[in-house]
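Participant: Sequence and predicted structure, then a few things I'm wondering about:
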Amino acid sequence: QYQHNALSEDQLAQGGAPLNQNEFLVRRARLRLDRGWDFASATLELDANTVRGPRVGVRRAEGSVFYRGSNSKELPPLIGLSVGVLDIPFGFELAESARVRWFMERSVGSGALFPTEMDAGAKIYGAASFLRYAVAVTNGEPVDERSFPRDPNNDEEVTGRFGAEGS
């Protein structure tokens, strides 16, 4: 992304800081590693950007065990348990990947309720036919650009999503 600012000058401010505000940015660069087995899976996703200086952080680090039952490989398992830094199960938009979302950025309402899509905790999830469910207990301190998720208070959050998926 290139940002152009009309206030930019090809000079230095007193003290040596550049007055040029025109710059190229890397807003989002992600590396994701997935590994799956018959009854378990693991995911590690790193996020890098240069919006406020170069930063690299954990976006997702999740381990899961699950039981498929009669569900095919295309469907979520009948029941699963995930722990780590994982998606907050609320609504459809938070769980939907930016790769398949119609618009790259989430809606303003979703961003107001949940500043990020991830938090540290545990989640039970699954599918039965066309029904989908997920319930998580998390820190309540979502992952952001500052650091790994931390929990400054004693209160945890319980969030959930119940719905149906059609073809």
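Facilitator: Here it is on my side, so go on.
Participant: use CA for all of it now, contacts and neighbours both
Facilitator: Noted.
Participant: average pLDDT across whichever strand or helix holds R30?
Facilitator: Assigned by DSSP states H and E, R30 belongs to strand 29-36. In this model, strand 29-36 has a mean pLDDT of 92.
Participant: do stretch 10-17 as well
Facilitator: Mean per-residue pLDDT for stretch 10-17: 78.
Participant: Report the buried residues of stretch 69-84.
Facilitator: P76, P77, L78, I79, G80, L81, S82, V83, G84 (16 or more other C-alpha atoms under 10 Å).
Participant: Name the SS class of S110, please.
Facilitator: On the three-state scheme (DSSP: H, G, I helix; E, B strand; the rest coil), S110 is labelled helix.
Participant: Number of residues surrounding it?
Facilitator: Using other C-alpha atoms under 10 Å, S110 has 15 neighbouring residues.
Participant: still on that earlier bit, from the contact counts, what lies against the strand holding R30?
Facilitator: Counting contacts by 3 or more C-alpha pairs under 8 Å, 6 or more residues apart in numbering; DSSP states H and E, strand 29-36 packs against strand 40-49.
Participant: just the buried residues of stretch 69-84 now: which is nearest F103?
Facilitator: P76 (24.3 Å; C-alpha to C-alpha).
Participant: Kindly provide the distance from that closest one to P54.
Facilitator: From P76 across to P54, the span is 36 Å (C-alpha to C-alpha, to the nearest Å).
Participant: Between which two of the buried residues of stretch 69-84 is the distance greatest?
Facilitator: Spatial extent of the buried residues of stretch 69-84 (C-alpha to C-alpha) is set by the pair L78 and G84 at 20.3 Å.
Participant: returning to that earlier point: now, which of the buried residues of stretch 69-84 lie within strands?
Facilitator: Secondary structure defined by DSSP state E assigns I79, G80, L81, S82, V83, G84 of those to strands.
Participant: Identify, from those, the entry nearest to L12.
Facilitator: Closest approach between those and L12, by C-alpha to C-alpha: G84, at 45.4 Å.
Participant: List the contacts of the strand holding R30.
Facilitator: Residues from elsewhere that reach strand 29-36, judged by C-alpha atoms under 8 Å, 6 or more residues apart in numbering: S41, A42, T43, L44, E45, L46, D47, A48, N49.
Participant: among the residues you listed, which ones are buried?
Facilitator: For the contacts of strand 29-36, a neighbour count by 16+ other C-alpha under 10 Å gives the buried set as A42, T43, L44, E45, D47, A48, N49.
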